[in-house]
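**Student:** any chance you could fold what I've pasted below:
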Amino acid sequence: MRAASSEPTMRRRGRIARPISSARVSPRPVSALSLARLLLALFVPVREVSATRAFGSPAPVASAPGIIAAEGGRFVDPSDGSTFHVAGANCYYLVYSSGADEGSYEHDWVEEVLETSQQLNLNVLRVWTFQDQWWEKERALQTSPGEYNERFLIALDTLIARASARGIRLLLCLSNYWEDYGARETFFFPILFSHDAPTPRTPSAGPSRLSLAGGAIAYVKWAHAAGERAPDGAPLRRREDFFTSRLCRAWFKAFVSKMLTRVNAATGVAYRDDPTIFAWELINEPRVQGDASGDVLQAWIEDVAAHAKSLDRKHLLTVGSEGFYNGITDPTRAALHNPSAGAERLGGDYTRNFFAPALDFACVHMWVDLWLSCDEACKLAFADTWIVSHLNASRAAFDKPVLLEEFGKWKPLRVRDDFFRRALEASTPPTSPVASHAAGSMFWHIDPTDYPYNEDGFSVQARGEAATADIVRGAAERAAAASEGPAANPPSGRSRRPPRPSEPPPTPPTTPTGDGASSPPGASPPSRDASESPVYRSPSSHGSGSSAPGEIPNQYRFDEAVPDVSDAPSRRGEGEKGKRGG
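**Tutor:** As a prediction, this is how the structure comes out:
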């Protein structure tokens, strides 16, 4: 998702137990692993959490899990064969804040987010692990192609160690389509764009107030400076050029190699061997606007995913898809479920993208306040059908787990709580109507108490929002209970073939639901008010009781070059919803 401000802000769990404080003294020689644990305990201390503090006590840390794998429609822990359901949240700035100067308040933010996540029984956090062409150079990760900042990498090492000590896994995102944590278009192309270069804000403004930009446009800026041109001879200038540029592809693959082959300086454990890493994500919310075929993004995914898998075959791999259906490969679902006409021409193809053999699970994002202009009952009904249709598409076409990776809701709190309850029930076993492929969910966005940068209105500050915290914790507890022991629903064994363009994806014999596909026999269909179909909202006030901005800015709109969507607001990655992250 993307930030909701014209100056986008940054935005937008199996539990790993390595009890470093309980090591026993042995007369035998100290092993390398024991020494690593001792050093971790000394240099990455974890504060005790009082059961009377905040709003609850943390769950006990589980014991020695393995690297999570995918098997049919479920995640599994190969160490014992148990099913793993994600109960998670997004907090894109954790690595950035982990690299703040010693004594900075940002370290307190990181500690509170980790502590609160443990108290909520969350088992996965999604974070950004890129920071390209950063104006504050000492906190950039990649200042130019192949030039890496060890300070940022040490911050990531430390975050992984601290998350591991709390039994929290991390989903690590490697790039972003949106203008977050990289070179902003108007900043790096002042000649090509008729805008003045924005003035960077001071570091004291906080990471979510800076003129940031997505990883994709930073690579395009570098390729532009190197003299590369598009096939038609035009200079590179759009985010979409990231997916076709020869230099961008080579530089990004080099960055992927750098990250996936790193050895953690805090623990001595190679990233590729560390179960704290839940999964790698190639890019957040990729789009190729105007490409109805979906071929450009598909070719990029298949090539870069194969490269990543050649480096790390142990960890899960995915792409942070919004979940739009393509009008050629999945015309029925595109017509019924895409939130606007034109979404099928944004370059994505949910069904074909996740059929790629190197991708291990599917991701879906959901932003009803930014996509729809209808009442709250309508938005709840859309959430039901959006989630269930993607679960059914996976079950029918490519047989992989489906993670609701981003979703959020504007206040009032009562409205948000109702929406969170519904989204969590639909996306997570045992309450999901398609439990065989429902792998869990991650809400947007968990923040520390009184976090000052909430321009998008989607911040969840659980210590001061007890009802929301109870809903999230309850869903996590139900998911954990459903995960105990070997899965009751083994892989279906269905062959994975992409649907032919001339037909909708095949579905097994089931009872029809309101999602336009099907769901298992006995599943309760979602409740949609047929009298009110969702439509894209135009810029307007958010209404009373909302802490979100007063109107939806232009960056939420689809690219004007895409037909039939000029009045359709869109989220642009993490910067869009006020989230710089997803």
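**Student:** could you say what helices and strands the strand or helix carrying Asp470 packs with?
**Tutor:** Using DSSP states H and E, Asp470 falls within helix 466-483. Judged by 3 or more C-beta pairs under 8 Å, 6 or more residues apart in numbering; DSSP states H and E, helix 466-483 is in contact with strand 82-84, strand 86-90, helix 413-427, strand 438-444. In this view, the C-beta of every residue, glycine as well, is placed from N, C-alpha and C.
**Student:** those: which one's closest to Pro401?
**Tutor:** Smallest distance to Pro401 across the helices and strands packed on helix 466-483 (C-beta to C-beta): 3.6 Å, for strand 438-444.
**Student:** packing partners of that closest one?
**Tutor:** Using 3+ C-beta pairs under 8 Å, 6+ apart, strand 438-444 sits against strand 74-77, strand 86-90, strand 124-128, strand 402-407, helix 413-427, helix 466-483.
**Student:** repeat that for 6 Å
**Tutor:** On a contact count with 3 or more C-beta pairs under 6 Å, 6 or more residues apart in numbering; DSSP states H and E, strand 438-444 meets strand 86-90, strand 402-407, helix 413-427.
**Student:** list the buried residues for the longest one?
**Tutor:** Looking back up the chat, that one is helix 413-427. Neighbour counts using 16 or more other C-beta atoms under 10 Å place 415-427 of helix 413-427 among the buried residues.
**Student:** and the helices and strands packed on strand 438-444 as a markdown table, adding distance to Leu297?
**Tutor:** Listed next are the helices and strands packed on strand 438-444 as a markdown table, based on distance: least, C-beta to C-beta, whole Å:
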| stretch | distance to Leu297 |
| --- | --- |
| strand 86-90 | 22 |
| strand 402-407 | 17 |
| helix 413-427 | 24 |
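**Student:** need the contact partners of stretch 256-264.
**Tutor:** The contact list for stretch 256-264 (C-beta atoms under 6 Å, 6 or more residues apart in numbering) reads Asp157, Ile160, Ala270, Tyr271, Ala308, Leu311, Asp312.
**Student:** and these, which is closest to Ala480?
**Tutor:** So of the contacts of stretch 256-264, ranked by how close each gets to Ala480 (C-beta to C-beta), first place is Ile160, at 22.0 Å.
**Student:** is it fair to say that closest one lies in a strand?
**Tutor:** No - looking at Ile160 with DSSP: H, G, I helix; E, B strand; the rest coil, it is helix, so not inside a strand.
**Student:** neighbours of it, how many?
**Tutor:** 27 (other C-beta atoms under 10 Å).
**Student:** grab the nearest non-local neighbour of it.
**Tutor:** The shortest distance from Ile160 to any non-neighbouring residue, by C-beta to C-beta, 6 or more residues apart in numbering, is to Thr276 (5.2 Å).
**Student:** Ser175 now?
**Tutor:** Gly215 (3.6 Å).
**Student:** burial of that neighbour, as a residue count?
**Tutor:** 33.
**Student:** quick one: residues contacting it.
**Tutor:** Gly215 sits in contact with Phe130, Asp132, Ser175, Asn176, Gly182, where contact means C-beta under 6 Å, 6+ apart.
**Student:** do the same with Ala254
**Tutor:** Gly146.
**Student:** buried ones in whichever strand or helix holds it, by neighbour count?
**Tutor:** Element membership for Ala254, per DSSP H and E: helix 246-260. Of all the residues in helix 246-260, those buried under the rule 16+ other C-beta under 10 Å are Leu247, Cys248, Arg249, Trp251, Phe252, Phe255, Val256, Met259, Leu260.
**Student:** picking up where we left off before, filter the contacts of stretch 256-264 to the buried ones?
**Tutor:** Asp157, Ile160, Tyr271, Ala308, Leu311, Asp312.
**Student:** return the subset of those residues lying in helices.
**Tutor:** The helices, defined by DSSP state H, take in Asp157, Ile160, Ala308, Leu311 from these.
**Student:** helices or strands up against the helix or strand containing His365?
**Tutor:** Per DSSP H and E, His365 falls inside strand 362-366. Using 3+ C-beta pairs under 6 Å, 6+ apart, the elements in contact with strand 362-366 are strand 402-407.
**Student:** what sits up against the strand it packs on?
**Tutor:** The contact list for strand 402-407 (C-beta under 6 Å, 6+ apart) reads 1, 86, 361-366, 390-391, 394, 423, 427, 437, 439-444, 582.
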